[in-house]
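A.B. asks: got a sequence here, can you build the structure:
(chains A and B)
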2 protein chains.
Amino acid sequence: MADLDSVLACLDLNLDRSVERLQDLLRIPSISTDPAYAPECRRAAEWLAGDLEAIGFRARVAETAGHPMVVARREGPAGSPHVLFYGHYDVQPVDPLDLWDADPFDPKVAAMPDGTRRITGRGSADDKGQLMTFVEACRAFIAETGGLPCSVTIFLEGEEESGSPSLLPFLDANRQELTADVALICDTNMWDRETPAISTGLRGLVGEEVTIRAASMDLHSGYFGGAAANPIRVLARILADLHDEEGRVTLPGFYDGVPDLPEDVRRVWDELPFSEQEFLGSVGLSVPAGERGRSVLEQTWSRPTAEVNGIEGGYTGKGFKTVIAAEAQAKVSFRLVFDQDPAAIRESFRAFVRERLPADCTAKFHEHGGSPAIQLPFDSPVLQTAREALSDEWPKPAVMIGMGGSIPVVGEFKRRLGMPSLLIGFGLGDDRIHSPNEKYEMTSFAKGQRSWARVLAALGEKGTG
Amino acid sequence: MADLDSVLACLDLNLDRSVERLQDLLRIPSISTDPAYAPECRRAAEWLAGDLEAIGFRARVAETAGHPMVVARREGPAGSPHVLFYGHYDVQPVDPLDLWDADPFDPKVAAMPDGTRRITGRGSADDKGQLMTFVEACRAFIAETGGLPCSVTIFLEGEEESGSPSLLPFLDANRQELTADVALICDTNMWDRETPAISTGLRGLVGEEVTIRAASMDLHSGYFGGAAANPIRVLARILADLHDEEGRVTLPGFYDGVPDLPEDVRRVWDELPFSEQEFLGSVGLSVPAGERGRSVLEQTWSRPTAEVNGIEGGYTGKGFKTVIAAEAQAKVSFRLVFDQDPAAIRESFRAFVRERLPADCTAKFHEHGGSPAIQLPFDSPVLQTAREALSDEWPKPAVMIGMGGSIPVVGEFKRRLGMPSLLIGFGLGDDRIHSPNEKYEMTSFAKGQRSWARVLAALGEKGTG
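C.D. replies: Predicted coordinates:
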């Protein structure tokens, strides 16, 4: 414990310098989904590999068909457990840029009226700030004790926000290097500002882009209107048909593999201090808009969804243009739970669209990633070890929760490497990840570093068995 | 007739120079709907006023709250009729630019394999090429005979493609100057390459833009998906609801004032040589997509429509973004026929949207112009005079047809100035107006000039009574 105390003290002493390092990383606009930013993604990978080398890891930037991976390794004491830390250095696009209060890639430390501080900028929470909490814990451990309590592999991806196209081939090609006793993933939220959380369930995701085409060119809605098929109307009809009046998804077979929530889990969730009004109210909403008769926690943690994430067709500039467009597009995603099969759902969606195409209309599909949901057992020892370590750091004990988001890598670690994952993150619900004015609380960053130091120490001591 | 013959000969002799003048005008990117092009709209107005002054009109560029008007006047012989020629110098936007074979504002004369020639570029047909046919006829008349057979006012608008916001105040403020015995409008099509047409019916238009808002910010579809209202889905549902399975518009009261086509008109239309397969086939379609059980001519000439002309919401860039958008927008237009009331239909649409808004969603509306349909009597003498003059010029006699498009000014001329309009245009169905690669046939331009010379001569001789 003397070692841990000095590591924690070292982290506190060097907080400002760790913030500066994070800001350096945040200045790199590593938007993975837009090919124009590919050189910036590489720059972020190189920055991280360089930093990890500097603190004593053996680090490399590993090429893929897409953005590179960062893989770094440092051995712990003989016989110590081996943990793999996963994070991602890529970030979401920043549009609409005019809704940002400041340049998204010029991070600041802002002091709030209540005395708290926060780090602002795209990626501050998702996931650069989060991943650096782990790197800083390692830095302090090595600086104070000359080494790490476990063998640690750090594995950082650059395509998490764009469907992770290179992940599976990379896992398969580097199976031995990447397989550890347990994966630690820092890409999730706390329960609240005082309560850390370990996520034991994650929704899966299927992303699809569909383009409906009709006429061979844009048409004048006066000359052709009334006689010509309108792809926007066809698309709107199809998207409207995706849900029934109860808010349920109408794709045939969609609910195959979706059981009702087990009673014991429901009980745990019912006991969580959670206010639907506050959750929705924080983003200007008041009524759960999903499946009728289910709580918000159920709707977002244990129920699948179909959402339209983007739509575009015809004239969308200023003013008006009386055009019937030749095509219209939508980006549609499905959040999956339990045993839903991503491939089956993708096929069901495509068939659903094709069945609804009127004469003269065609549909083209483009796949944007797919991953099943995962569900971790509540009773594993490593989960209890981490839970106790987290509870030592924060004002309130750690809780185990579900999660609405998708982190495809968790399923792949399980399926391909046989490796369970601990999802421990320090984000907050109001961090505005994927939105303008993303931020990361200074408490998240500071106590996140300390939390990882405690978890590493506990795993070194108690093992991952 | 000697005068007319020399005018026609003069037009033939100067065709190349008239093409050069048209190309000068086409080089001005006078896109009225985009404020960035306001100086170009003014430049087009000034170019036209200058040209009209040069040939002997008294011309002015008249200020409005928007783009300026051009008004030019030249007196005819004492006691001759007074005609007002209306055209518009503004053009449609050019996106998507990558579908153009050449710069839309660098007009060319292209020779086709079949020996025909065409003038290419945005506005070549709609409406710069068309309006210049009349200007050239006047130029030749004045050059050859020292004057015009009628008193002529030329009135050119710069906001026809953007809802004509300044038109009504301008008509009201300049009622006396603009009121003539008859208006001549050159913004319509021929029946086919050999058959000129006079349009006796025009659909009206109501343009609306609706923005649906839900959350106060873009949301992560993992954290909030299933619980948060999605404006794109709400919008898609509303747009899908606008039509029933028979293709009829479901707005309450929509068909008030829409009679079935009178039998005599139907008979005229049935006798027109028209192939639905060719009409639809020319744009890659094969099946009439509108109201079931009605012909394409009925669907586009005598039936009202609701179309979505543009839609946008969420992430529409490359790749994928798992976002639930804070808002989504659509541009919707209604084509009106007979006695449909634009104001009532706008209100019915807004009520229709509001009734379908779920909790937490709001709708904001923006008006983009509205005008009723008009229907000219088949038996007026001026129509017969024009018909005979056109029939003298073209291989086949002129036909009287309906029209699917909307030219709001026609209704306003009638309502505000008590002035009937003759709609005579030389466009062709494949001119791709409002689309990439707009063109105007050289025969349209050349014989259009000759047609106006004949019509002016005939009106001067026979009057407009």
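
A.B. asks: contacts only, for the residue in the stretch 1-150 of chain A positioned nearest to chain B.
C.D. replies: Scanning the stretch 1-150 of chain A for the residue nearest chain B gives A:Thr33, at 3.0 Å (criterion: Cβ to the nearest Cβ). Every C-beta, even on glycine, is put in place using the N, C-alpha and C of the backbone. A:Thr33 makes contact with A:Gln92, A:Pro93, A:Glu161, A:Ser162, B:Gly317, B:Lys318, B:Gly319, B:Phe320, B:Lys321 under the criterion Cβ atoms under 8 Å, 6 or more residues apart in numbering or on different chains.

A.B. asks: go again using 6 Å as the cut-off
C.D. replies: A:Ser162, B:Gly319 (Cβ atoms under 6 Å, 6 or more residues apart in numbering or on different chains).

A.B. asks: packing partners of the helix or strand hosting A:Phe349?
C.D. replies: Using DSSP states H and E, A:Phe349 sits in helix A:342-355. For helix A:342-355, the contact count by 3 or more Cβ pairs under 6 Å, 6 or more residues apart in numbering or on different chains; DSSP states H and E identifies strand A:204-213, strand A:362-371 as packing neighbours.

A.B. asks: angle of the first one against helix A:342-355?
C.D. replies: Relative orientation of strand A:204-213 versus helix A:342-355 (axes from the mean of the first three to the mean of the last three Cα atoms, to 10 degrees): 20 degrees.

A.B. asks: within range of chain B, give me the residues from the stretch 351-465 of chain A.
C.D. replies: A:Ala359, A:Asp360, A:His368, A:Gly404, A:Gly405, A:Ser406, A:Ile433, A:His434, A:Ser435 (Cβ under 6 Å from any Cβ of the partner chain).

A.B. asks: I'd like the residues you listed as a markdown table, with distance to B:Asn189, pLDDT and secondary structure appended.
C.D. replies: Conversion of these to a markdown table gives the following (distance: Cβ to Cβ, whole Å; pLDDT from 0 to 100; DSSP: H, G, I helix; E, B strand; the rest coil):
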| residue | distance to B:Asn189 | pLDDT | secondary structure |
| --- | --- | --- | --- |
| A:Ala359 | 26 | 95 | coil |
| A:Asp360 | 23 | 97 | coil |
| A:His368 | 43 | 93 | strand |
| A:Gly404 | 55 | 77 | coil |
| A:Gly405 | 55 | 75 | coil |
| A:Ser406 | 53 | 71 | coil |
| A:Ile433 | 54 | 95 | coil |
| A:His434 | 49 | 92 | coil |
| A:Ser435 | 49 | 93 | coil |
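
A.B. asks: list just the nearest of the residues you listed to B:Met132.
C.D. replies: The shortest approach to B:Met132 among those belongs to A:Asp360, at 36.2 Å (Cβ to Cβ).

A.B. asks: surely that closest one and B:Leu285 touch.
C.D. replies: Yes - assessed by Cβ atoms under 6 Å, A:Asp360 is found in contact with B:Leu285 at 4.7 Å.

A.B. asks: if we can go back for a sec, compute the inter-axis angle for the helix holding A:Phe349 and strand A:362-371.
C.D. replies: 160 degrees.

A.B. asks: please enumerate residues in contact with helix A:342-355?
C.D. replies: For helix A:342-355, the surrounding residues in contact (Cβ under 6 Å, 6+ apart) are A:Val206, A:Glu208, A:Val210, A:Ile238, A:Leu251, A:Pro252, A:Gly253, A:Phe334, A:Ala363, A:Phe365, A:Gly370, A:Pro372.

A.B. asks: go with 10 Å
C.D. replies: Residues outside helix A:342-355 that contact it (Cβ atoms under 10 Å, 6 or more residues apart in numbering or on different chains): A:204-208, A:210, A:212, A:234-235, A:238-239, A:241-242, A:249-254, A:256-257, A:304, A:306, A:330, A:332, A:334, A:336, A:341, A:361-363, A:365, A:367, A:369-373, A:408, A:411.

A.B. asks: overlap in contacts of A:Asp360 and B:Leu285?
C.D. replies: Common neighbours of A:Asp360 and B:Leu285, counting by Cβ under 10 Å, 6+ apart, are A:Ala214, A:Ala215, A:Ser216, A:Ala228, A:Ala229.

A.B. asks: those: which ones sit near chain B?
C.D. replies: Under the cut-off given by Cβ under 10 Å from any Cβ of the partner chain, chain B has A:Ala214, A:Ala215, A:Ser216, A:Ala228, A:Ala229 from the shared contacts of A:Asp360 and B:Leu285 close to it.

A.B. asks: buried members of these into PyMOL, please.
C.D. replies: Buried members of these, defined by 16 or more other Cβ atoms under 10 Å in any protein chain shown, are picked up in PyMOL with:
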select buried, chain A and resi 214+215+228+229
